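1. A predicted structure for the sequence below; I have some questions about it.
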Amino acid sequence: MPVLALGAAADPRLADYSSLTDVALRTSFESQHGLYIAESAKVISRALSAGHAPRSLLMSDRWLPRMGELIDSIESRHPGTPIFIGTQAELQALAGFHVHRGALASMHRPALPALADLIGNGPQKLVILDGIVDHTNIGAIFRSVAGMGADAVLLTEQCADPLYRRSVRVSMGSVFQVPWTRLRDWTRDIGQLRDVGFTIAALALTPDSVDLASLASRAPERLAIVLGSEGDGLSSAVIADADLVVRIPMAGGVDSLNVAAASAVALWALRLPSEA
């Protein structure tokens with residue numbers, strides 16, 4: 001496996017790590033090149049275990065002695081992957097932030113599954129995200145989905161990228177283990193879910209909403225929970241398309257939770273009896 005000194009390297013692949021804190025630039029660059037950035041040995045290892053292929057690795061010279069297991073894993077699965085080594089100052093100048101987790105990897109972005117393929121494998125519980133644009137919330141929701149036993153996540157086109165660096169980091173790599181895809185046409189895709197037996201439950205505050213505990217006591221066999229954007233929540237059109245609307249009872253004059261917290265509460269309440 002080639003080890004290249006960052007200061008002496010003139011490799012176009014170093015552009016993969018440039019200005020990682022510029023969200024607009026990175027979103028465009030990573031989408032255009034079919035890449036994403038994984039941060040820390042644990043997250044990189046989870047990406048490898050999920051079958052994702054690295055394009056290169058970037059690490060601090062002082063972390064090299066502690067990265068032997070990760071390097072061996074990459075070399076055994078993807079021999080010849082270059083490793084760029086630099087000082088902490090060089091890494092910060094390139095990435096735009098202090099790389100204190102030791103390593104970054106530029107990973108090839110896998111193709112998203114078709115909706116029909118994802119729901120055709122027997123999932124019983126889905127989470128649908130509509131217009132959620134905060135990468136931290138996306139990552140936290142994926143972690144809740146993995147931890148609470150839901151089967152997959154569906155995201156509308158307006159949602160933030162689950163494979164953006166912050167989403168991946170907050171999820172602790174859960175974005176690699178939870179199946180997910182994008183909804184391209186809301187009406188058509190929701191109809192496709194209903195065709196295979198899913199009940200669509202929108203999490204929102206409406207006069208006719210039912211208590212979360214009530215839904216949990218009689219949860220349908222196949223259930224899709226819809227969560228809306230951080231500011232406005234779900235649109236009236238999305239709520240109208242749902243089979244029922246569900247609310248989380250609140251106290252203390254608080255009307256709702258942050259969307260990531262709401263996802264964790266809802267999934268815990270709706271966990272299968274065998275998980276209780």
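-> That came in fine, so what should we check first? Numbering: from 1, shown residues only.
2. contacts for the host helix or strand of residue 136?
-> Assigned by DSSP states H and E, residue 136 belongs to helix 135-148. For helix 135-148, the external contacting residues (CB atoms under 8 Å, 6 or more residues apart in numbering) are 23, 127, 129, 132, 152-153, 159-162, 164, 166-172, 174-175, 177-178, 180, 227, 230, 258-260, 263-264, 267-268, 271, 275. Heads up, the C-betas are built off the backbone N, CA and C, glycines and all.
3. tell me which residues of the following helix or strand past that helix come out buried.
-> Remark: after helix 135-148, the chain's next helix or strand is strand 152-156, criterion DSSP H and E. Buried residues in strand 152-156, counted by 16 or more other CB atoms under 10 Å: 152-156.
4. just the buried ones from the contacts of helix 135-148?
-> 127, 129, 132, 152-153, 159-162, 164, 166-172, 174-175, 178, 180, 227, 259-260, 263-264, 267-268, 271.
5. which two in the buried residues of strand 152-156 are spaced the farthest apart?
-> Using CB to CB, the buried residues of strand 152-156 reach their maximum pairwise distance at 152 and 156, which is 14.5 Å.
6. what ranges does the stretch 151-276 of the chain have for its helices?
-> With helices called from DSSP state H, counting those that start in this stretch, the stretch 151-276 of the chain shows them at 165-171, 174-177, 186-195, 212-217, 236-241, 259-269.
7. JSON lines for those, including distance to residue 13?
-> Listed next are these as JSON lines, based on distance: least, CB to CB, whole Å:
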{"stretch": "helix 165-171", "distance to residue 13": "17"}
{"stretch": "helix 174-177", "distance to residue 13": "22"}
{"stretch": "helix 186-195", "distance to residue 13": "36"}
{"stretch": "helix 212-217", "distance to residue 13": "48"}
{"stretch": "helix 236-241", "distance to residue 13": "41"}
{"stretch": "helix 259-269", "distance to residue 13": "33"}
